[in-house]
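A.B. asks: I'll drop the sequence and a predicted model, then ask my questions.
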Amino acid sequence: MNRRLPLALAAVTFAALFATQSGVGFVRDEGYYFEAAKSYEQWVALLLRAPAAALRDTGRYWSVNFEHPGLAKLLFALSHLVFTTWLGWLPDALAWRLPAFAFGALLTYWLAVLGAQRSRAAAVLAPALFWCAERTFFHGHLACFDVPICALTAGVGVAWARAIGILQTPTSNPTSNPTWTSSRHGLFLGFLFGCALGVKHNAWLLPPVLLVHALLLPAPLRRRALRTLPWLLLGPVVLLAGWPLLWHEPLRHLSEWISFHTHHVHYAWYYLGRELRGPPFPIFYPLVLLALVLPLPQVALFAAAGAKLLWDFAHRALSPVRLLELGLAGAALLPFMLRTTPIFGGIKHWLAFLALLAPEAAHLLERSAELAQRAGLPRSRGLLVAAAAALLPGLWQIAHVHPYGTSAYGELAFGIPGAASLGMQRQYWSNNVTAVLPWLNAHAPKGARVFFHEVNVESYRAYQQAGLLRADIQYASGPWDAQYAALQWHREFRDREPETWNAFGTRTPATGLYLDETPQVVVYARPGLPGAP
Amino acid sequence: MEGPSAPARRRSDRAWSAPLLAIAAVGASALLFDLTLPLRLPGNGDWAEAAAALRVRAGPADAVQLWPPWAERARLFVRSLPVRTEEDLRAADYPGVERLWLLALPRVPLAHLARARAALRERGATPGDEVHFGALSLQPWELHGPRVLSFLTSPLEEHEVDYVPRQCTLLRIGRPADPGRLQARGEGGILHVRAGIVGERAYQGFRGPVRVDVQVDGAPLATLTVPPTAPPEPGWRRLDAAAPAGEHAFTFLVSARDLDRPFCLSAWTAAP
């Protein structure tokens, strides 16, 4: 297989994410990661200036956001150091987000590689099916870990498949030394697995999946796969190398990391008319949510892909690569069907489920065009019809809803208004506030105090740093303390709006963000202030 | 020349295009829904016209009920009368409201406007003529509710209980020996007390109940217990009790073991 097509598609992904990032607000978690990246950048600067001091003081700089491994945030920091601090080419937030776009591009690359095992058309359609939905497209923009871990899950899958010889290497040379080639693949697998561990803890699920995959392979392949598994031991070494927090008192820091996630709080989450606050959660929650948020064609195709993989698995008709895709997709989803795993955050935690089904979904789409050939329809025309039918609703969703990705709902939910009537989470992470920042900049008097509700102080500072919010506007801790309030509509925060009415003496909003009539962000101003109704 | 099996073969050949047709149908129907959704939604002009109609036609004892209750963009436009977003129109209290204007988005997906109307009918309300403003419908409903004799709490203050803004007064919860206290004078009749815990703390199941003791002229009349909310049980609890006719001093004593919860109470008397 030629590498050029996956590379070209990856470049298109990077460019698309780069071109559409400006309106994407800083989600709550990004605020924390930006702060962490700032701290890590200071450490890198110290490392270049005084290496001994940097090695001694890792705890001081790396304790910020100790609950997630350091690699992704280190990349955010390095990108900022190079493109903003040194070169001055990019604004702060864009520099922090740049590595996220690169992970998005890598995801496209690896999906195209997996798709290309079926056909050239599948190589194009697999990443397209994944990205042509506002939820996935939105997550591709964020300096967070969800798309990076999704990409690395696919990447580890591809590296594993190459290492055990079930996936052809684009540059494989029959004359090259097989031992060296095998070691090179093993090293790369271990390195990528380490990177995945360094991005998010979901990666710890990968070795069991690969072990089961190895055990299910035919005998000769199984032996090779079992011999390849030990390369995964490189992973923890890469994790350690990429996370300087572990360089001193590693056991304490590892224990704090694990403890944070084993005792993670459950946030209230609105789902089919009820607030989920704690276990047991509905077993099919992740699948129902996917069905409601994705465009209908993707829902149908991903469901068909999952069913086809399961059917072929049951009938022992799965190729080793498809078996691997099924295993990785299942491992990404199943933890969220345990009924005890925290389920807030929409679909972001199990994006790899979609990604690993995408090549099969693309193949089914292409197959429909091939079958139609027998009915006399030229293959190219059939492919065009299939691609248009599968992708246009998603493109429309992006055009219609972006950059308010956490609010997007698909046709099965009857769109955003239907989801509101069904009682689904309206939004999360507070990034939709970008819609009302221009209004606040235009109306709020100098030094005005604004209650930003769910926007944390880190994101507020990032908006000011990015020039999206006037520097003189102050952060108020509640409506009683504020002249303006920008309330994000959440079912669990309904008390904030009457609280604002009582404090401000008005029930009439000054402005707001309403998506298909549903309130998302509602702005109130104290009577008599500029912009007040 | 075609043999007799040729049409069957053609049909069989056409069947191969079924998967593609199915995908095309799914895509086309999805796109059709997406592109026509804006046609089902009101524009600024529709809202402004409805608000103007309410300004002209609504009286001092009127209120607007939005349907679906999430359609709160109405608040940008409707300023001449109180806006309510009750979710259960059959059980909702509308104290002091004689006529309720149901302002609805009938064409929005899953609006279930018929259910809202049925709920109003079930409580004995009778509809007037419905008018349309683009994608909005506006219909007056006479509630035929009992006449309010006295508001014992302010109808102007609002707090959320059960995710719905309620006209109620925030009260301090005290220990049983030193309960929070609200006193008001009003006409006797049927006393209606509604109370609940505000915000997410209502759902903390490990906490104890809040007790509201009602006294009339210092004598115990009734007790309302407000336990932690465990859906589907409501958190907005109700007490209806007969109070002697004539003007009286009503006292509401609020106590619990856990004090750090915002607690809201609404009380009024109405004609029997």
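C.D. replies: Received, thanks.
A.B. asks: Model confidence at the closest residue to chain A within the stretch 1-150 of chain B, what's the number?
C.D. replies: Of all residues in the stretch 1-150 of chain B, the one sitting closest to chain A is residue B:27 (2.7 Å; Cβ to the nearest Cβ). In short, each C-beta sits where N, CA and C put it, glycine included. Predicted confidence (pLDDT) for residue B:27: 98.
A.B. asks: In this structure it contacts residue A:390, no?
C.D. replies: Yes: using Cβ atoms under 8 Å, residue B:27 is in contact with residue A:390, at 6.0 Å.
A.B. asks: These two: which is more packed in?
C.D. replies: residue A:390 (29 against 24; other Cβ atoms under 10 Å in any protein chain shown).
A.B. asks: just to revisit the earlier point, which neighbours do residue B:27 and residue A:390 share?
C.D. replies: residue A:297 (Cβ atoms under 8 Å, 6 or more residues apart in numbering or on different chains).
A.B. asks: picking that back up, which strand or helix spans the residue of the stretch 1-150 of chain B closest to chain A?
C.D. replies: helix B:18-40 (DSSP states H and E).
A.B. asks: Return the set of buried residues in that helix.
C.D. replies: Going by neighbour count (16 or more other Cβ atoms under 10 Å in any protein chain shown), the buried part of helix B:18-40 is B:19-21, B:23-24, B:26-28, B:30-31, B:33-34, B:37, B:40.
A.B. asks: if you skip the residues just before and after it, what's nearest to the residue of the stretch 1-150 of chain B closest to chain A?
C.D. replies: Once flanking residues are discounted, residue B:27 sits nearest to residue A:389: 2.7 Å by Cβ to Cβ, 6 or more residues apart in numbering or on different chains.
A.B. asks: which residues sit against the helix or strand where the one you found lies?
C.D. replies: Per DSSP H and E, residue A:389 falls inside helix A:379-401. Residues from elsewhere that reach helix A:379-401 (Cβ under 8 Å, 6+ apart): A:121, A:125, A:128-129, A:132-134, A:137, A:294-298, A:301, A:365-366, A:368-370, A:372-373, A:377, A:407-408, A:410-411, A:416, A:515, B:17, B:20, B:23-24, B:26-28, B:30-31, B:34-35.
A.B. asks: Apply 7 Å and report the result again.
C.D. replies: Under the criterion Cβ atoms under 7 Å, 6 or more residues apart in numbering or on different chains, residues A:121, A:125, A:128-129, A:132-134, A:137, A:295-298, A:301, A:365-366, A:368-370, A:372-373, A:407-408, A:410-411, A:515, B:20, B:23-24, B:26-28, B:30-31, B:34 lie in contact with helix A:379-401.
A.B. asks: Below-threshold pLDDT in the stretch 151-300 of chain A: ranges please.
C.D. replies: A:170-176 (pLDDT under 70).
A.B. asks: residues from the stretch 51-200 of chain B in reach of chain A?
C.D. replies: Within the stretch 51-200 of chain B, the residues that sit near chain A (Cβ under 7 Å from any Cβ of the partner chain) are B:68, B:70-73, B:75-76, B:79, B:83, B:105, B:108-111, B:157-160, B:163, B:165, B:198-200.
A.B. asks: Let's see that with 6 Å instead.
C.D. replies: Those residues of the stretch 51-200 of chain B that sit near chain A, judged by Cβ under 6 Å from any Cβ of the partner chain, are B:68, B:70, B:72-73, B:75-76, B:79, B:108-110, B:157-160, B:163, B:165, B:198-200.
A.B. asks: Narrow those residues to those in strands?
C.D. replies: Among these, the residues falling in strands (DSSP state E) are B:158, B:159, B:160, B:165.
A.B. asks: Which helix or which strand is home to residue B:245?
C.D. replies: strand B:237-255.
A.B. asks: now for that strand, which elements pack on it?
C.D. replies: Contact here means 3 or more Cβ pairs under 6 Å, 6 or more residues apart in numbering or on different chains; DSSP states H and E; on that basis strand B:237-255 packs against strand B:180-197, strand B:210-216, strand B:219-226.
A.B. asks: Without its sequence neighbours, what residue ends up closest to residue 260?
C.D. replies: Reading this off chain A. residue A:67 (4.1 Å).
A.B. asks: could you do chain B instead?
C.D. replies: residue B:201 is the one closest to residue B:260 (Cβ to Cβ, 6+ apart), at 7.7 Å.
A.B. asks: now do residue A:277
C.D. replies: residue A:268 (5.2 Å).
A.B. asks: what about that neighbour, how many neighbours?
C.D. replies: Neighbours of residue A:268 (other Cβ under 10 Å): 17.
A.B. asks: what sits against it?
C.D. replies: Listed by Cβ atoms under 6 Å, 6 or more residues apart in numbering or on different chains, the contact partners of residue A:268 are A:275, A:277, A:492.
A.B. asks: tell me the phi and psi of the most centrally placed residue in chain B?
C.D. replies: In chain B, the C-alpha nearest the mean C-alpha coordinate belongs to residue B:86, at 0.5 Å (Cα atoms, centre = their mean). Main-chain torsions, residue B:86, degrees, to the nearest 10: phi -60, psi 150.
A.B. asks: Wait, it touches residue B:92, no?
C.D. replies: Yes: assessed by Cβ atoms under 6 Å, residue B:86 is found in contact with residue B:92 at 3.7 Å.
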